[in-house]
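Undergrad: Sharing a model that was predicted from the sequence below.
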Amino acid sequence: MELITLKSSRELDCMRKAGRIAAGARKVAEELVKPGVTTLEIDAAVRKYIKGHGAHPSFLGYGGFPGSACISVNDVVIHGIPSRKIVLKEGDIVSVDVGAYIDGFHGDCAATFPCGQVSDEARRLIEVTEQSFWEGIKFARKGQRVSDISHAVQKYVEAHGFSVVRDFVGHGVGRKLHEAPEVPNFGPAGHLARLQPGMTIAVEPMVCQGDWHVRVLKDQWTTVTEDGTLASHYENTILITDGDPEILTVCEEP
């Protein structure tokens, strides 16, 4: 079993740096989500931003992934491959997942953005997904269990009529993009690893408008809802402290 690593103050400074770059790249992507823009154009802008800040896109080449960002449109839950053939249109919802690697550490974050005017239900899905993250990290405190976060996410999402993906989960982040522990978005409270100061984890609700079952397409990356309904994704890398959790994937102050 992989051990959970607690980060030193020096390592956390590196992770804050990586997190700021990842968050900045997510902001760049958000500003480009407009009708007529291709997902490949967004990917190029993300790569330029990350490299321009001296970092490497965490996803580029990871397991063979060809893009710098995962860009997932409408019923694509996660791992959408950027393409010049995917042109955004009014009413789409677009999930962008980015990571930045610098000084030996990763930052990882994601969000779902509306493309122009979207339906009320699509906007509600985006809002519930993001808020479920904040509901979850109310329990991201010393002494709690990982599944206390998981249970809070699931409870909030399902109370609003949506479902949480079971096949993919959040994870530890640090020297590796994916470390222990796994952080599910479902399950009973009071289980899994006990949270300790120095732990750094990515909490990332993946929420479906309909049923939670998903399937991976033949490209071995693109993951879609089985029933063809919309999906949304929100993620930040956080640090467990002696008090409130610290969000590491935040943009630098202007």
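TA: Happy to help now that I have it. Numbers count the residues shown, from 1 in each chain.

Undergrad: pLDDT on stretch 218-233, on average?
TA: Taken as a whole, stretch 218-233 has a mean pLDDT of 98.

Undergrad: Let's see the distance spanning that stretch from one end to the other.
TA: 22 Å (C-alpha to C-alpha, to the nearest Å).

Undergrad: and if you look at stretch 33-43?
TA: 11 Å.

Undergrad: what does it rub up against?
TA: Contact with stretch 33-43 is made by 29, 32, 67-69, 71, 73, 80, 82-90, 94, 96, 113-116, as judged by C-beta atoms under 8 Å, 6 or more residues apart in numbering. Just so you know, the C-beta spots here come from the backbone N, C-alpha and C atoms, and that holds for glycine as well.

Undergrad: Using PDB, list the CA coordinates for the helix or strand containing residue 11.
TA: Per DSSP states H and E, residue 11 falls inside helix 9-32. Provided in PDB are the C-alpha atoms of helix 9-32 (Å, rounded to 0.1, in the frame of the first residue of the first chain):
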ATOM      1  CA  SER A   9       7.100  23.700   5.000                       C
ATOM      2  CA  ARG A  10       9.700  23.900   2.100                       C
ATOM      3  CA  GLU A  11       7.700  21.400   0.100                       C
ATOM      4  CA  LEU A  12       4.500  23.300   0.700                       C
ATOM      5  CA  ASP A  13       6.100  26.500  -0.600                       C
ATOM      6  CA  CYS A  14       6.800  24.500  -3.800                       C
ATOM      7  CA  MET A  15       3.200  23.200  -3.900                       C
ATOM      8  CA  ARG A  16       1.800  26.700  -3.500                       C
ATOM      9  CA  LYS A  17       3.900  27.900  -6.400                       C
ATOM     10  CA  ALA A  18       2.600  25.000  -8.600                       C
ATOM     11  CA  GLY A  19      -0.900  25.600  -7.300                       C
ATOM     12  CA  ARG A  20      -0.900  29.300  -8.300                       C
ATOM     13  CA  ILE A  21       0.300  28.400 -11.800                       C
ATOM     14  CA  ALA A  22      -2.400  25.700 -12.200                       C
ATOM     15  CA  ALA A  23      -5.100  28.100 -11.000                       C
ATOM     16  CA  GLY A  24      -3.800  30.800 -13.300                       C
ATOM     17  CA  ALA A  25      -4.000  28.400 -16.200                       C
ATOM     18  CA  ARG A  26      -7.600  27.500 -15.200                       C
ATOM     19  CA  LYS A  27      -8.500  31.200 -15.300                       C
ATOM     20  CA  VAL A  28      -6.900  31.500 -18.800                       C
ATOM     21  CA  ALA A  29      -9.100  28.600 -20.000                       C
ATOM     22  CA  GLU A  30     -12.200  30.100 -18.400                       C
ATOM     23  CA  GLU A  31     -11.700  33.400 -20.400                       C
ATOM     24  CA  LEU A  32     -11.500  31.400 -23.700                       C
END
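
Undergrad: Many thanks, we can stop here.
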